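[1] The amino acid sequence is not available; the structure is as follows:
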């Protein structure tokens, strides 16, 4: 075994992350085990507590994910096919990606295992519905239906490790690779694996299957920092595991592709940038041929989705992805990843609806050319918000932060599955439409403030109450119209219905507030005034008690309505920004 690599200089790592480097020998699957020294070292009790909580929350999130994966027969071997621009040795070409529905990632199927951001299992064949013949015939039929004269790279992704015989039978893997290698136009084959499955035996087998084609194996390196990889990703591998895998690949002339994660959970934006840059540099220093920067997305039924639901996580800003690429692209073949996920996430790396599509196009152009100049002409007002977020650094210890956030999530019902959130990159709203919606809700909010000062007015007549009701209706219609304008570009019917229902609930509350509670409060005020003129203390005391109760209820209703209005805007922002 190669000697364990030197720990990165702590000077380069934020203080919140320097909680020690983990080393352990218990790395076998399928059991999600803890480092041996943590079991016996009481000084590490909070680290062990954090690991227990990560495991528990992750297992809860996966339970619904597996339920969705098991629905129906799902007898098709293919989950989908896509094509992406690819830069191969400086030459612009395309990469065709085949998504094979294997039996699910070995690590994700382990008790307490699985990466916190990964929801691939919901697209897998967890019930063994696909036979070996189906895999081979389905793949060959799809593969031979395309022309590869402009597509020199083919990737086979199975939502796990192609080298795992428990996910994809060895004979099937061999046949799939031979099928791709049979095409003269294809120059490179790519697939993915866990680092511990990269052995001399397994690599010799796949090298034989692809012959003289170039072979690249992607490995989820995630982070150069063992603590980030352990706590923020839930991976039990250490740096030495990856270095061993990279070494074996070089022996068989297989190119190593390292996936470096951009903004795993529990990290602030600037720390995420710094860690990703360090990780890319480390990968190239240890013989990796290519790096794909993978900004974390939000897939349903994952721990990341739970944190996102609790407003404790936002996918990285695209400005941050630009920054990482600018700081690393000259080191080697650096790609922008994060869009080749199946099933599609509800939220990708993003800025704001005003500039997202321009940014995504710039990333596509960068992947096709390797030139960061495509980023230079993009500007947007949201960059100011991004810069402010970069300055908002976490000051607490990483483990303390994890415990705090996960305890908060544990106390909140899991709403991460089937939530109907839109998928950024498909749905968006116009920034100007959002501004008009915010203005309309602000006017409604200010109108409610004005209503509150009027109930005790002596001259509040039925006509005035009717006028207030009419004004409330006007504000409701204004908000509803502006909300409809915002949602006109949204494809998700469920998402549209969600916001229309929220708006309807606010209207129902204001109707009751203005047509029932407000008149009761006004009538009570008049009665108090009448009995004061008669100096009838008995009735005055009784009415004043009733008045305080009505006023308290009026304030409570108004506060709740204003909260619902604020929640409407918050939800719109969260779904589209």
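    Looks like it came in fine. These numbers were taken from a predicted model, which means no experiment stands behind them.

[2] neighbours around residue 499, how many?
    19 (other CB atoms under 10 Å). Heads up, the C-betas are built off the backbone N, CA and C, glycines and all.

[3] And the one 3 residues further on, by the same measure?
    When neighbours are counted by other CB under 10 Å, residue 502 registers 17.

[4] Run through the residues that contact it.
    Residue 502 sits next to 564, 567-568, 571 when contact means CB atoms under 8 Å, 6 or more residues apart in numbering.

[5] in what helix or strand does it lie?
    When elements are assigned from DSSP states H and E, residue 502 belongs to helix 493-512.

[6] which is the next helix or strand following that helix?
    Next along from helix 493-512, by DSSP H and E: helix 518-534.

[7] Just after that following helix, pick out the following helix or strand.
    The helix or strand immediately downstream of helix 518-534 is helix 537-576, counting by DSSP H and E.

[8] Point out the other helices and strands that that next one packs with.
    The contact analysis (3 or more CB pairs under 8 Å, 6 or more residues apart in numbering; DSSP states H and E) places helix 537-576 against helix 431-452, helix 493-512, helix 518-534.

[9] which other helices and strands contact the first one?
    Counting contacts by 3+ CB pairs under 8 Å, 6+ apart, the secondary-structure elements packed against helix 431-452 are helix 462-486, helix 537-576.

[10] Considering the ones you listed, which stretch scores lowest in mean pLDDT?
    Across the helices and strands packed on helix 431-452, helix 537-576 has the smallest mean pLDDT, namely a mean of 74.

[11] starting at the chain centroid, how far to that one?
    On the basis of CA atoms, centre = their mean, to the nearest Å, helix 537-576 sits 35 Å off its chain's mean C-alpha point.

[12] Tell me what angle that helix forms with helix 431-452.
    170 degrees (axes from the mean of the first three to the mean of the last three CA atoms, to 10 degrees).

[13] so residue 324 makes contact with residue 275?
    No. Using CB atoms under 8 Å, residue 324 is not in contact with residue 275, being 9.7 Å away.

[14] Which secondary structure element is home to residue 272?
    helix 269-285.

[15] And for that helix, what's in contact with it?
    By CB under 8 Å, 6+ apart, the surrounding residues in contact with helix 269-285 are 8, 12-14, 16-17, 221-225, 228, 258, 260-264, 267, 291, 293, 316-317, 320, 323-324, 327-328, 331-332, 334, 386, 389-394.

[16] next helix or strand past that helix?
    Next in sequence after helix 269-285, counting helices and strands by DSSP H and E, comes strand 290-295.

[17] For that next one, which strands pair with it and how are they oriented?
    Strand pairing for strand 290-295, determined by DSSP bridges: strand 255-262 (parallel), strand 333-336 (parallel).

[18] Distance from that strand to the middle of the chain?
    16 Å.

[19] now stretch 354-369
    The answer for stretch 354-369 is 19 Å, by CA atoms, centre = their mean.

[20] Please point out which parts of that stretch sit buried.
    The neighbour-count check on stretch 354-369 (16 or more other CB atoms under 10 Å) flags 354-356, 358-360, 362-363, 366-368 as buried.

[21] same thing with stretch 105-119?
    Buried residues in stretch 105-119 (16+ other CB under 10 Å): 105-110, 112-119.

[22] Quote the end-to-end distance of that stretch.
    Terminal residues of stretch 105-119 lie 10 Å apart, using CA to CA, to the nearest Å.

[23] repeat for stretch 365-380
    By CA to CA, one end of stretch 365-380 lies 19 Å from the other end.

[24] can you give me the mean pLDDT across that stretch?
    92.

[25] next one: stretch 270-277
    Mean pLDDT, stretch 270-277: 95.

[26] rewinding a little: ranking the strands paired with strand 290-295 by burial, who's on top?
    Comparing the strands paired with strand 290-295 by mean neighbour count (mean count of other CB atoms under 10 Å), strand 255-262 ranks first with a mean of 25.

[27] so how far is that strand off the chain centroid?
    On the basis of CA atoms, centre = their mean, strand 255-262 sits 19 Å off its chain's mean C-alpha point.

[28] follow-up on the earlier one: buried residues in the helix holding residue 502?
    Buried residues in helix 493-512, counted by 16+ other CB under 10 Å: 495-496, 498-499, 502-503, 506-507, 509-510.

[29] mind listing what the closest residue to residue 509 other than its chain neighbours touches?
    By the measure of CB to CB, 6 or more residues apart in numbering, the closest residue to residue 509 outside its immediate chain neighbours is residue 561, 5.0 Å from it. By CB under 8 Å, 6+ apart, the contact list for residue 561 reads 448, 506, 509-510, 513.

[30] same check, this time on residue 172
    Neighbouring residues of residue 172 by CB under 8 Å, 6+ apart: 132, 135-136.

[31] Could you pick out the buried ones from those?
    Judged by 16+ other CB under 10 Å, buried ones among the contacts of residue 172: 135-136.

[32] of all the contacts of residue 172, which comes closest to residue 433?
    Nearest to residue 433 among the contacts of residue 172 is residue 135, at 46.5 Å by CB to CB.

[33] Would you confirm that the closest one contacts residue 98?
    No. Between residue 135 and residue 98 there is no contact under CB under 8 Å: 11.1 Å.

[34] follow-up on the earlier one: please identify which of the strands paired with strand 290-295 is closest to residue 409.
    In terms of CB to CB, the element of these nearest to residue 409 is strand 255-262, at 20.0 Å.

[35] domain parsing for this protein?
    10-18+36-410, 431-576 (automatic domain parsing).

[36] quick one, which of those domains is packed in tightest?
    Ranked by mean neighbour count under mean count of other CB under 10 Å, the domains of the chain are led by domain 10-18+36-410, which reaches a mean of 19.

[37] picking up where we left off before, and the angle from the helix holding residue 272 to strand 255-262?
    Here helix 269-285 runs at an angle of 170 degrees relative to strand 255-262 (the same axes, to 10 degrees).

[38] just curious, which of the contacts of residue 172 is nearest to residue 489?
    Nearest to residue 489 out of these is residue 135 (CB to CB; 39.0 Å).

[39] Can you tell me the element that closest one falls in?
    Going by DSSP H and E, residue 135 is in helix 132-143.

[40] Name the surrounding residues that touch that helix.
    Contacts of helix 132-143 (CB under 8 Å, 6+ apart): 75-78, 81, 98, 100, 130, 154, 168-169, 171-172, 175-176, 179-180, 183.

[41] which residues of the stretch 1-150 of the chain score low on pLDDT?
    Flagging of the stretch 1-150 of the chain using pLDDT under 70 yields the residue ranges 1-43, 63-76, 79, 121-129.

[42] all helices for it, in order.
    For the stretch 1-150 of the chain, the helices defined by DSSP state H, counting those that start in this stretch occupy 36-40, 45-70, 132-143.

[43] try the stretch 301-450 of the chain
    Using DSSP H, counting those that start in this stretch, the helices of the stretch 301-450 of the chain run over 303-309, 318-328, 356-369, 382-391, 398-410, 431-452.

[44] Compare these and say which comes out lowest on pLDDT.
    Sorting the helices of the stretch 301-450 of the chain by mean pLDDT places helix 431-452 lowest, at a mean of 80.

[45] how distant is it from the center of its chain?
    Here helix 431-452 is found 30 Å from its chain centre; the criterion is CA atoms, centre = their mean.
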